[in-house]
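Asks: what shape does this take:
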Amino acid sequence: MLFRLRILFLFPMLSMLCIAAGQDTVLLFHPTAYNLELFQKLNEEEILSLDAYHVLGVYHSGESYDYSKSEEFIALSGATQFSLREISAALEPQNLFRENPASGDFRKLFSCSNGALFMGGPDIPPLVYKEKVHLLTRVTDPFRHYLEISYLFHLLGGKQNEAWSPYLEKKPGYVINGICLGMQTMHVATGGSMVQDIPSELYKIWNAEDVLDLPRDQMHRNYMDYLSKDCEGPTSYHFHKIDLKTEGLLGSVLGFSADSDPLVLSSHHQAIDKPGPEWEVIATSMDGRIIEAIHHTRYSHVLGVQFHPEKPGIFDPSIQHPVACDSTINFKEAIANSESYRFHVAFWKQLGGLLQDVRKDR
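Replies: You can find the predicted model right below:
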């Protein structure tokens, strides 16, 4: 307990000194031990260059995850490029889109950082986007969502409160990247809503077996984990193609043509619905029903993707994932020596390049 208190005492000081001490900082929301190790490996493999950055993990005290595991990872690995910042301000659906008890923390975090990264995770509480709860929606970590949605609203603004002046008006080069839930959170924070269950709402399918019978590119997760009860749980991740838009960021900046259709790795049952004018859709599923990537029309360094370019198995040939009771898959081997693999590497190189450009422009 003393170890925990000592670490948490230091973090507010670190967050206030990160610019004064010449330390470039990027925020990582939901900094689980898994996510910290993930970014450490991406950096060590020179897939995402973070050498010049301190990664400040930000979380809410009400989250369901035990962050003592993250503290232990930092201490045991000697990963001095990471630290944690706990926020305990009272957040609820009614105060997310205005000045609230966390706003002072948000201003400090924004002033001392060059960007913020938002990772995958569970379903967003529909109450936040003023909808009833679908029977297949599972809300398991509301305070994580409240924190991330409110910070993103403070950064980007939204139609929930059009009088709000977005923080990015003062620092438009700020880098924001969202993966899966992260992209959904960006969308909801600016006033968007969700398709709460893809199979039942968009394809009128209610059975796992029927989803598994769909064409490969219409599946957005592997539902074998619903059926295989006599073996170690199959992975919920599934490769499918996406359709890159001709002039969109993923195609033009990463150097891929509109007919590239790279394979990406997905595990989600929800999707964003009807993006507002502040978002440009830059990739969709092959049938056009699912939005796979969005780019902010005003702030050019704000990008969200629905798929998972971060999974360690994409870059590590030693990791085998069960697909069913009698089969496994290695994610890297599945796309090795292909345009799809180069697409994933290019995604991280682009993000690293943006963060380095922000450093140069400071």
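Asks: chain center to stretch 85-96, what's the gap?
Replies: 19 Å (CA atoms, centre = their mean, to the nearest Å).
Asks: with only the CA atoms kept, save it in PDB.
Replies: Extracted C-alpha coordinates of stretch 85-96, given in PDB (Å, rounded to 0.1, in the frame of the first residue of the first chain):
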ATOM      1  CA  ARG A  85      -2.100   9.500 -13.200                       C
ATOM      2  CA  GLU A  86      -5.300   8.700 -11.400                       C
ATOM      3  CA  ILE A  87      -8.300  11.000 -11.700                       C
ATOM      4  CA  SER A  88     -11.000  10.700  -9.000                       C
ATOM      5  CA  ALA A  89     -13.300  13.700 -10.000                       C
ATOM      6  CA  ALA A  90     -17.000  13.000  -9.800                       C
ATOM      7  CA  LEU A  91     -18.200  12.200 -13.400                       C
ATOM      8  CA  GLU A  92     -21.600  11.200 -14.500                       C
ATOM      9  CA  PRO A  93     -23.600  11.200 -17.800                       C
ATOM     10  CA  GLN A  94     -25.200  14.600 -16.800                       C
ATOM     11  CA  ASN A  95     -21.900  16.500 -16.500                       C
ATOM     12  CA  LEU A  96     -19.600  15.100 -19.200                       C
END
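Asks: which residues are contacting it?
Replies: Residues external to stretch 85-96 that are found in contact with it (CB atoms under 8 Å, 6 or more residues apart in numbering): 8, 11-12, 14-15, 56-62, 67, 100-102, 105, 109, 125, 127-128, 143, 146-147, 149-150, 153. Quick note: C-beta positions are derived from backbone N, CA and C, even for glycine.
Asks: these, buried ones only, as a ChimeraX selection?
Replies: Selection of buried members from these for ChimeraX, criterion 16 or more other CB atoms under 10 Å:
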select :8,11,14,15,56,57,58,59,60,62,67,100,102,105,109,125,128,143,146,147,149,150,153
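Asks: what about the strands in the stretch 201-350 of the chain?
Replies: Assigned by DSSP state E, counting those that start in this stretch, the strands in the stretch 201-350 of the chain fall at 238-244, 263-266, 271-273, 279-285, 291-296, 302-305, 321-324, 327-329.
Asks: helices or strands up against the fifth one?
Replies: The reference is to strand 291-296. helix 181-189, strand 238-244, helix 249-252, strand 271-273, strand 279-285, strand 302-305 (3 or more CB pairs under 8 Å, 6 or more residues apart in numbering; DSSP states H and E).
Asks: now it: mean pLDDT?
Replies: Taken as a whole, strand 291-296 has an average pLDDT of 96.
Asks: what does the first one give?
Replies: Strand 238-244 shows an average pLDDT of 95 in the prediction.
Asks: low-confidence ranges in the stretch 101-250 of the chain?
Replies: Flagging of the stretch 101-250 of the chain using pLDDT under 70 yields the residue ranges 246-249.
Asks: walking through it, point out its helices one by one.
Replies: 103-111, 142-156, 181-189, 198-202, 208-212, 249-252 (DSSP state H, counting those that start in this stretch).
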